[in-house]
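[1] make a model of this:
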Amino acid sequence: MTLPRPVRRATALLPVPLLAILLSGCAALGPNFTSPTAWWSPKSFTEAAPAQPSVTVAEPVDPQWWKLLGDPLLTAMEERLAKANLDVRVAALRVTEARAELGVTQAGGLPAVNADASYARVQQSRKGTQSLTSPTRLREPYDLFQYGFDATWELDFWGHVRRGVEQSAAQLTATEESGRDVMVTAEAELARAYVRLRGVQRKLQITRQNLESSRQSLQLTQARAAGGLTTDLDVANAAAQVATIQAEIPGLEQQQSEFGNALGLLLGEAPQALTVELAAPRAVPPVPPRVPVGVPSELARRRPDIRRAEAVLHAATAGIGVATADFYPRITLGGNGMIQGLQVANLGQWAALAYSIGPTVSLPIFDGGRRTRTLELREAQQQEAAILYQRTVLGALHEVDNALTAYGAEQRRRAQLEIAVQQNRRALALARDRYAQGVTDFLQVLTAQRALLAAEQDLTDSTTTVSTNMVALYKALGGGWQAGG
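    Coordinates of the predicted model:
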């Protein structure tokens, strides 16, 4: 990656008043910022992906990627998120604050003009220095009327203001990208909580179905025991199986409530506010056959945390220019005009006019090394920001790679679990038939029931994980993003 170095070159990156440029004839001090160049070679995220039901493809990413899950209620909740989520609203206010700060900095490059008017009843000291010149006039108080204006304008010869504006603009960009990062995270968390809620609801259905099946087995063993065809041991085992399965339901209901509350918190709602809306069980949102993921060369433009790290680096680079300009003289144009009189009637006379105009030069001579240490600090901060940028990009690449691996691996696991469920269902049917015929004992039925319940729950967990892995993949890719947005 190519990173800017603290070499003191000069250029004006941001607009300043035209007259100031003409007067100064100088450009901003300090290093220019250039966007870092990524070090990875553009290649597909999908090169080594094996054949599977849902594959990643190098196609443009839909900013509303959650629509790929095909759940209208999830889509509706995602559309509510931007206005309802409290973290997103706070991030939006921080952007407003950063814009205001930029405006304050920009104002430093413009003239400042103030108007004032005053009236005073004055009594000079009769024993002070004024008594040396006009002792008789000091015996009586007098009225003093005046109004006028004053103006100052710092000529930005060395780019102190321009680099400051550049720094504030970069900080605004960093704040905006932080806000986008909050939005990406909120979108992913909402989709993840929704998918997991549907997964828990599906596990509840499976558990209740298995509970009903176990009760039927209990009735069968009780009937056989009453007829002397089996012992109370089978009845006890069947009753224990019923109680064991029933004991799983409260925990699943608790998870269902927690995920519903997680969705409510993300949407700025009170606890249990979404209970009715989410009560009807739905299938776990399935992943689509094709999942667009773009290409690696887009990653730095897609992820807001990378764009934020670049903006922070830009601000740190501009800060060097601000610190460098502090070593040079500051030249300020100033002037004031005033109408002053001892009577109101005097204020309309030309002789009542007083004015002054001229430049002021402030030259730094000695400050105990403050400016030098400040420049060293800004240079160190720029290098720190450069390293943090590198770490952010590298972390993003690892995150995407891990998400892609997890997405493919979980699909392969789910395929094997589907086979396991089919075979466990067949084994349970055979065990029940053999038990009903008296060929085998109830232990085989019990074992088959437990195996089927575990396999069905594992399959539901895997189906949920595949969908949440797709959510994690889109979060790693930068979520919903549009060029220029």
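
[2] where's Phe157, which helix or strand?
    In this assignment (DSSP states H and E), Phe157 forms part of neither any helix nor any strand.

[3] tell me the confidence at it?
    pLDDT for Phe157: 83.

[4] and what of Ala345?
    Looking at Ala345, its pLDDT stands at 78.

[5] count of residues packed around it?
    When neighbours are defined as other CB atoms under 10 Å, Ala345 has 10 of them. Heads up, the C-betas are built off the backbone N, CA and C, glycines and all.

[6] and what of Ser297?
    For Ser297, the count of nearby residues is 12 (other CB under 10 Å).

[7] how near is it to Arg307?
    For Ser297, the distance to Arg307 (CB to CB, to the nearest Å) stands at 15 Å.

[8] same check, this time on Gly70
    The gap separating Gly70 from Arg307 is 30 Å, by CB to CB.

[9] more crowded one of the two?
    Using other CB under 10 Å as the criterion, Gly70 and Arg307 rank with Arg307 on top: 22 against 13.

[10] would you say the more buried one is within a strand?
    No: read with DSSP: H, G, I helix; E, B strand; the rest coil, Arg307 is helix and lies in no strand.

[11] didn't it look like it was pressed against Leu313?
    No: Arg307 is not in contact with Leu313 according to CB atoms under 8 Å; the separation is 10.7 Å.

[12] contacting residues for the residue nearest to Glu189 when sequence neighbours are not counted?
    Nearest non-adjacent residue to Glu189, counting by CB to CB, 6 or more residues apart in numbering: Leu266, 6.0 Å away. For Leu266, the contacting residues are 81, 84-85, 186, 189-190, 193, taking CB atoms under 8 Å, 6 or more residues apart in numbering as the criterion.

[13] all helices for this structure, in order.
    Taking DSSP state H, the helices of the chain run over residues 18-24, 72-84, 86-107, 160-226, 232-266, 275-278, 299-302, 304-325, 370-436, 442-476.

[14] out of those helices, which one sits most buried?
    Comparing those by mean neighbour count (mean count of other CB atoms under 10 Å), helix 304-325 comes out on top with a mean of 24.

[15] any idea of the mean pLDDT in it?
    94.

[16] gap between the residue nearest to Glu189 and Ala188?
    Taking CB to CB as the criterion, Leu266 is separated from Ala188 by 10 Å.

[17] repeat that for Arg198.
    If you measure Arg198 against Ala188 using CB to CB, the figure is 16 Å.

[18] excluding its backbone neighbours, what's nearest Val195?
    Distance criterion CB to CB, 6+ apart; nearest residue to Val195, sequence neighbours excluded, is Ser467 at 4.6 Å.

[19] other SSEs contacting the top strand by length along the chain?
    Here the longest strand in the chain is taken by residue count, with DSSP state E as the criterion, and it is strand 142-155. In terms of contacts (3 or more CB pairs under 8 Å, 6 or more residues apart in numbering; DSSP states H and E), strand 142-155 is packed against helix 18-24, strand 112-122, strand 330-341.

[20] so which of those comes closest to Ala273?
    Minimum separation from Ala273 across the helices and strands packed on strand 142-155 (CB to CB) falls at strand 112-122, 52.0 Å.

[21] might you calculate how far the closest one sits from the centre of the chain?
    49 Å (CA atoms, centre = their mean, to the nearest Å).

[22] show residues contacting that strand.
    Outside of strand 112-122, the residues within contact range by CB under 8 Å, 6+ apart are 141-153.

[23] filter those residues to the buried ones?
    When the contacts of strand 112-122 are checked for burial by 16 or more other CB atoms under 10 Å, the buried set is 145-146, 148, 150, 153.

[24] from those, which shows the smallest pLDDT?
    Comparing these by pLDDT, Phe145 comes last, at 84.

[25] return the member of the buried ones among the contacts of strand 112-122 nearest to Thr317.
    Of all these, the one with the least separation from Thr317 (CB to CB) is Trp153, at 27.0 Å.

[26] ok, the closest one to Val471 distance?
    Here the distance between Trp153 and Val471 works out to 55 Å (CB to CB).

[27] rewinding a little: take the helices and strands packed on strand 142-155 and lay them out in a markdown table including distance to Gln381 and mean pLDDT.
    Supplementary listing: those in a markdown table, determined by distance: least, CB to CB, whole Å; pLDDT from 0 to 100:
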| stretch | distance to Gln381 | mean pLDDT |
| --- | --- | --- |
| helix 18-24 | 27 | 43 |
| strand 112-122 | 30 | 88 |
| strand 330-341 | 23 | 86 |
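
[28] reformat those as TSV; add distance to Thr405.
    Formatted as TSV, the entries for the helices and strands packed on strand 142-155 read as follows, by distance: least, CB to CB, whole Å:
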stretch	distance to Thr405
helix 18-24	54
strand 112-122	59
strand 330-341	57
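
[29] looking at the ones you listed, which is nearest to Glu101?
    Short answer: strand 112-122, nearest of the helices and strands packed on strand 142-155 by CB to CB, at 18.0 Å.

[30] find the nearest non-adjacent residue to Leu453, please.
    What sits nearest to Leu453 in space, not counting adjacent residues and going by CB to CB, 6+ apart, is Asn210, at 4.6 Å.

[31] now do the contacts for the one you found.
    Under the criterion of CB under 8 Å, 6+ apart, the contact partners of Asn210 comprise 245, 449, 452-453, 456.

[32] just give me the lowest mean pLDDT stretch among the helices of the chain.
    Taking the mean pLDDT of these, helix 18-24 comes last: a mean of 43.

[33] can I get the helices of the chain in a markdown table including distance to Val55?
    As requested, the helices of the chain are arranged in a markdown table below (distance: least, CB to CB, whole Å):
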| stretch | distance to Val55 |
| --- | --- |
| helix 18-24 | 56 |
| helix 72-84 | 22 |
| helix 86-107 | 32 |
| helix 160-226 | 20 |
| helix 232-266 | 29 |
| helix 275-278 | 31 |
| helix 299-302 | 19 |
| helix 304-325 | 26 |
| helix 370-436 | 9 |
| helix 442-476 | 12 |
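
[34] between these, which one is closest to Thr37.
    helix 299-302 (9.6 Å).

[35] ok so, going back, where's the residue nearest to Val195 relative to Glu78, distance?
    Using CB to CB, one obtains 14 Å as the distance from Ser467 to Glu78.

[36] likewise Leu172?
    Separation of Leu172 from Glu78 (CB to CB) stands at 27 Å.

[37] next: Asn261.
    When distance is defined by CB to CB, Asn261 is 18 Å away from Glu78.

[38] ok, now Val322?
    For Val322 relative to Glu78 (CB to CB), the value is 42 Å.

[39] and what of Ala236?
    The spacing between Ala236 and Glu78, counted by CB to CB, is 51 Å.

[40] again with Ser356
    Between Ser356 and Glu78 the computed distance is 64 Å (CB to CB).

[41] ok, Thr230 next?
    When distances are taken as CB to CB, Thr230 and Glu78 turn out to be 55 Å apart.

[42] quickly list what the residue nearest to Arg290 when sequence neighbours are not counted is bridged to.
    Spatial nearest neighbour of Arg290, excluding adjacent residues (CB to CB, 6+ apart): Val57 at 5.1 Å. Each beta-bridge partner of Val57 is listed here, defined by DSSP bridges: Pro292.
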